[in-house]
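In: sequence-free structure coming up:
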């Protein structure tokens, strides 16, 4: 049976997902793109990859056979889009795993996850819902990526790393074993993380350090 898909998004990540769909079809996993959704007020063409671009999610209400994939690269917009689909039409989601991805049999992948080509997920890893893993990433043994966690291209996680909900790791970041990246934290591109990162914190550099806070300008008293 062919899985009928609707993408939420029509940008670069959506194009990458469509390429993955073509490879999945070539490997015997039939999937068909039916449409894309773009938020009202966002500039977009009328069609995407030959399919209509829709701005009202309720267009798809009542079609129990559709599955949705949120094709937005940032964690917070992805979470908002998933909530909008669930709340408005009770949407059900599909995971997209490129056939070039290596996944250990003991690992578990949550609904709505997107894992793009030439990445690997080894033994006993746990990936939550709507996790995004871009090309060329390594998720090693016993790693946990919570819902909406995002790995940019070329991120490498050693074993027993916990990436909490909505955290974002920039291109080429590396994390040593047994590190916790807090919820909604941001790890800069190329950073080498050797210490835990607090929730909401931004770190960068080698070794990764917190982004310095700018001192508030002093207000001089009026004469």
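Out: Received it, and whenever you're ready, just let me know what you need. For clarity, every value in this text was computed on a predicted model and none was experimentally measured. Residues are numbered from 1 along each chain as shown.

In: outline the domain layout of this protein.
Out: Segmentation of the chain into domains, based on automatic domain parsing, reads 3-94, 96-203.

In: just the endpoints, please. Distance across the longest one?
Out: Domain 96-203 stretches 30 Å from its first residue to its last (C-alpha to C-alpha, to the nearest Å).

In: from the chain's centroid, how far away is that domain?
Out: 9 Å (C-alpha atoms, centre = their mean, to the nearest Å).

In: again with the first one
Out: Centroid separation for domain 3-94 versus its chain: 14 Å, with C-alpha atoms, centre = their mean.

In: first-to-last residue distance for stretch 65-85?
Out: Taking C-alpha to C-alpha as the measure, stretch 65-85 stretches 15 Å from start to finish.

In: in it, what's buried?
Out: 66-73, 75, 78-79, 81-82, 84-85 (16 or more other C-beta atoms under 10 Å). C-betas here are computed from N, CA, C, even on glycine.

In: pull the most distant pair out of the residues you listed.
Out: Using C-beta to C-beta, the buried residues of stretch 65-85 span at most 23.9 Å, a distance reached by 66 and 75.

In: would you say residue 83 is within a helix?
Out: Yes. Remark: residue 83 belongs to a helix, assigned using DSSP: H, G, I helix; E, B strand; the rest coil.

In: in contact with the spatially most central residue of the chain, which residues?
Out: Closest to where the C-alpha atoms of the chain average out (C-alpha atoms, centre = their mean) is residue 132, at 2.4 Å. Residue 132 sits next to 13, 73, 75, 78, 113, 114, 148, 149, 150, 151 when contact means C-beta atoms under 8 Å, 6 or more residues apart in numbering.

In: residue 190 touches residue 208, doesn't it?
Out: No. If you go by C-beta atoms under 8 Å, residue 190 and residue 208 don't touch, sitting 9.5 Å apart.

In: between the two, what contacts are shared?
Out: residue 173.

In: which of these two has more neighbours?
Out: residue 208 (24 against 15; other C-beta atoms under 10 Å).

In: how much space separates that one from residue 170?
Out: Per C-beta to C-beta, to the nearest Å, residue 208 is found 10 Å from residue 170.

In: I'd say residue 145 and residue 139 touch.
Out: Yes. Contact criterion C-beta under 8 Å: residue 145 and residue 139 qualify, at 6.9 Å.

In: just to revisit the earlier point, from the buried residues of stretch 65-85, which is closest to residue 43?
Out: For those, the nearest to residue 43 is residue 72 (15.3 Å; C-beta to C-beta).

In: give me every residue that touches the closest one.
Out: Per C-beta under 8 Å, 6+ apart, neighbours of residue 72: 8, 9, 11, 13, 78, 81.

In: so which of those residues belong to helices?
Out: Among those, the ones falling in helices (DSSP state H) are 13, 78, 81.

In: and the second one, what does it touch?
Out: Residues touching residue 78, when contacts are defined by C-beta under 8 Å, 6+ apart, comprise 70, 72, 130, 132, 148, 150.
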